[in-house]
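J.: What shape does this take:
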Amino acid sequence: MLTIKCAKCKAKIFKYKKVGKGKIIRCWKDRIIEDYSIKEGNLIKCVCGNIIGIDEGVYIKMKSNAFTFSGTYSTKK
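T.: Next up is the predicted model:
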């Protein structure tokens, strides 16, 4: 379980179940456990207005410099 936070204000954006190792390029919507983000059209924003990613349908394409994360990865089964 990863906690994804805004890089500017450190507010929580998602609680996300990451499977496997590697960068967070996209967040699959079915793996988001809790969502604290603000949706404005297809943009995903923090409460401070920082754009975190773009909604692409079944996943969110993340901007790599807009967020930080903490937590542990799950192993792929």
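J.: where does the chain have its least confident helix or strand?
T.: strand 67-71 (a mean of 90; mean pLDDT, DSSP states H and E).
J.: Show me the shaky parts of this protein.
T.: 74-77 (pLDDT under 70).
J.: Run through the strands of it in chain order.
T.: 2-6, 12-16, 26-28, 32-35, 38-40, 43-45, 51-55, 59-62, 67-71 (DSSP state E).
J.: strand partners of the fourth one, parallel vs antiparallel please.
T.: Going back to what we said before, that points to strand 32-35. Counting by DSSP bridges, the strands paired with strand 32-35 are strand 12-16 (antiparallel).
J.: okay, the angle between the partner strand and strand 67-71?
T.: Angle of strand 12-16 versus strand 67-71, following axes from the mean of the first three to the mean of the last three C-alpha atoms, to 10 degrees, is 50 degrees.
J.: Going forward, count from 626.
T.: Renumbered: residue one is now 626, and that last one reads strand 637-641.
J.: angle of strand 637-641 against strand 627-631?
T.: 160 degrees.
J.: Alpha carbons of strand 637-641, as CSV, please.
T.: C-alpha atoms of strand 637-641 as CSV (Å, rounded to 0.1, in the frame of the first residue of the first chain):
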residue,chain,number,x,y,z
LYS,A,637,-2.7,13.1,0.7
ILE,A,638,-3.9,12.4,-2.9
PHE,A,639,-4.4,8.6,-3.0
LYS,A,640,-4.0,5.4,-1.0
TYR,A,641,-2.9,3.1,-3.8
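J.: in the least confident helix or strand of the chain, what counts as buried?
T.: Within strand 692-696, the residues that qualify as buried are F692, counting by 16 or more other C-beta atoms under 10 Å. Any C-beta I mention is one placed from the backbone N, CA and C, and that applies to glycine too.
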